[in-house]
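Visitor: Based on what follows, work out the 3D shape:
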Amino acid sequence: MNNSRSKMQSKKRKQNIFLNASIAVVFLLIAGVSAFIFLGDNENQAAETEEKTIAEQVQENAGIQDESNGNENNDNENNELTASEIESDESESDEDTESENAAASEDKEEEEEAAKKKEDKKKKDEEKKESDSNEEMAGPEDGEWKPVGTKQTGEHVSSYEKGSVDWNEKLKAAAYATGLDMNSMTVWWVGNDGGPQNSVVEVSSPSGGAPEYRVHMEWVDKKGWKPVKVDEL
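Guide: Below is the predicted model:
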């Protein structure tokens, strides 16, 4: 009976050892699995963290690059705008200069044209004045002229002194009868014509190389010298 009891105790002891060993194994397995899971999670987290850090770094680098590219593009755009503005300003300046030159040229042409018109008008007026004077001085046929007027008073004495009042009035009568300009005609001779109150004057145009006209005249008291005959020489 003791043997049987001893066997049973031995059997229980073995069962206890087996159970304890099994429990230990189970604990070890559980501990190993837990450790594996824990370590795996840490590694995954570390990997994820590392991946996240790398991704963030890549994004930051990409952002910096994009910002750099953006700044470069902005600089390029600004440079292009500045160049465009410079070209625009230069173009506007050239246009303004051309407009100013054109305006100055037009003003100069207008001034020249105005000066030319003024000169032409002055010339025409002078020609008309000379023509009117010639027509006035030409007079009618022989014996139909009028006295040219006089500044002399009192008893008349014919004078042949060059530059005297009577001399100048003789030339005025000669110009009146011939139609020449008194100030430009050439006077060849002034002399007596058969009496103290009769004179003769020989004149020509400025370009004449010899006397062209001989004008006979007589004195009319208080009215001056009157042409009576013109000989064309």
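Visitor: May I ask you to confirm that G191 belongs to a strand?
Guide: Yes: under DSSP: H, G, I helix; E, B strand; the rest coil, G191 sits within a strand.
Visitor: Tell me how many other residues crowd it.
Guide: By other CB atoms under 10 Å, the residues close to G191 number 10. Every residue, glycine included, has its C-beta placed from N, CA and C.
Visitor: Now do the SS call for the closest residue to it other than its chain neighbours.
Guide: Once flanking residues are discounted, G191 sits nearest to V200: 5.6 Å by CB to CB, 6 or more residues apart in numbering. Put simply, V200 is strand when judged by three-state DSSP.
Visitor: how much space between V200 and G32?
Guide: 166 Å (CB to CB, to the nearest Å).
Visitor: who's more crowded, those two?
Guide: Higher neighbour count among V200 and G32: V200, with 18 against 10, using other CB under 10 Å.
Visitor: how about the residue lying closest to N198 once chain neighbours are set aside, what does it touch?
Guide: Nearest non-adjacent residue to N198, counting by CB to CB, 6+ apart: E218, 5.3 Å away. Contacts for E218 (CB atoms under 8 Å, 6 or more residues apart in numbering) come out as 197-199, 225-226, 228.
Visitor: tell me the phi and psi of E218?
Guide: phi -130, psi 150 (degrees, to the nearest 10).
Visitor: Also the one 10 residues further on?
Guide: Comment: the main-chain dihedrals of V228 come out as phi -120, psi -20, following degrees, to the nearest 10.
Visitor: My guess is it contacts H216. True?
Guide: Yes: counting by CB atoms under 8 Å, V228 touches H216, with 5.3 Å between them.
Visitor: Any stretches of the chain with poor pLDDT?
Guide: Applying pLDDT under 70 to the chain flags the ranges 1-5, 7-8, 35-36, 38-93, 129-143.
Visitor: try it again with 50
Guide: Low-confidence segments of the chain (pLDDT under 50): 64, 134-138.
Visitor: Strands along that one, start to end?
Guide: Assignment of strands within the chain using DSSP state E yields the ranges 186-192, 198-204, 213-220, 224-232.
Visitor: Show me which residues of the third one are buried.
Guide: Think strand 213-220. 213-220 (16 or more other CB atoms under 10 Å).
Visitor: quick one: it to strand 224-232, angle?
Guide: Computed with axes from the mean of the first three to the mean of the last three CA atoms, to 10 degrees, the direction of strand 213-220 lies at 160 degrees from that of strand 224-232.
Visitor: Taking their axis directions, strand 213-220 and strand 198-204 sit at what angle?
Guide: 150 degrees.
Visitor: do the same with the longest one
Guide: Relative orientation of strand 224-232 with respect to strand 198-204: 50 degrees, computed using the same axes, to 10 degrees.
Visitor: Please verify my assumption that K229 contacts H216.
Guide: Yes: with contacts defined as CB under 8 Å, K229 counts as touching H216 at a distance of 4.1 Å.
Visitor: Compute the number of surrounding residues for K11.
Guide: 10.
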